[in-house]
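Chemist: Here is my input, please return the structure:
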Amino acid sequence: MLAREGLSDLSLISNSLEGEPPPWVVAFRDEQPCDVCDEACKRRTVARLAGGLQAVYIGDGFSDACAAEAADLVFARRRLAAHFVERSLKFEPFDDFVSIVERLSAR
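Modeler: Predicted coordinates:
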């Protein structure tokens, strides 16, 4: 997907999904509970990778909420956008990666 959108030079960090044998199980990257939401979420990974630089977060699911709140700039859609609207948090809506690249390039 990243290559299709011209973003093959970016690294991808994600949780993994194990489907065999059923039921499906999500394996989170950071098993330690978050200091904010008390879940094994992505927030610590965002902070570690940003290392003092501006963090840009792109997401569309509710599981992105805690980590996205820690980012400096958030591109959100679907459930993540609804979460940000409910909490009156600033985000930029997006349809695809091309629109994100265009907006980041214009900055």
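Chemist: The lowest-mean-pLDDT helix or strand in the chain pairs with which strands, parallel or anti?
Modeler: For the chain, using mean pLDDT, DSSP states H and E, the weakest element among its helices and strands is strand 25-27, scoring a mean of 77. Taking DSSP bridges as the criterion, strand 25-27 forms sheet pairs with strand 16-18 (antiparallel).
Chemist: Could you list the low-confidence segments of this protein?
Modeler: Low-confidence segments of the chain (pLDDT under 70): 29-31.
Chemist: Please identify which helix or strand holds the residue with the largest distance to the centre of it.
Modeler: Distance from the C-alpha centroid of the chain, by Cα atoms, centre = their mean, peaks at residue 21 (27.4 Å). For residue 21, there is no host helix or strand (DSSP states H and E).
Chemist: where does it sit relative to residue 27, distance-wise?
Modeler: 15 Å (Cβ to Cβ, to the nearest Å). Backbone N, C-alpha and C define where each C-beta goes, glycine included.
Chemist: cool, residue 60 as well?
Modeler: Residue 60 is 20 Å from residue 27, by Cβ to Cβ.
Chemist: Show me which of those two is the more surrounded one.
Modeler: Neighbour count, other Cβ atoms under 10 Å: between residue 60 and residue 27, residue 60 has more, with 14 against 10.
Chemist: residues touching that one, list them.
Modeler: The contact partners of residue 60, by Cβ atoms under 8 Å, 6 or more residues apart in numbering, come to 76, 77, 78, 79, 80, 81.
Chemist: What of residue 104?
Modeler: Residue 104 makes contact with residue 56, according to Cβ under 8 Å, 6+ apart.
Chemist: So what's the residue count around residue 46?
Modeler: Neighbours of residue 46 under the rule other Cβ under 10 Å: 21.
Chemist: Now do it against residue 70, distance only.
Modeler: Between residue 46 and residue 70 the computed distance is 5 Å (Cβ to Cβ).
Chemist: again, but for residue 48
Modeler: Going from residue 48 to residue 70 by Cβ to Cβ gives 11 Å.
Chemist: Have a look at those two and say which one is more surrounded.
Modeler: Taking neighbours as other Cβ under 10 Å, residue 48 and residue 70 compare with residue 70 leading, 19 against 9.
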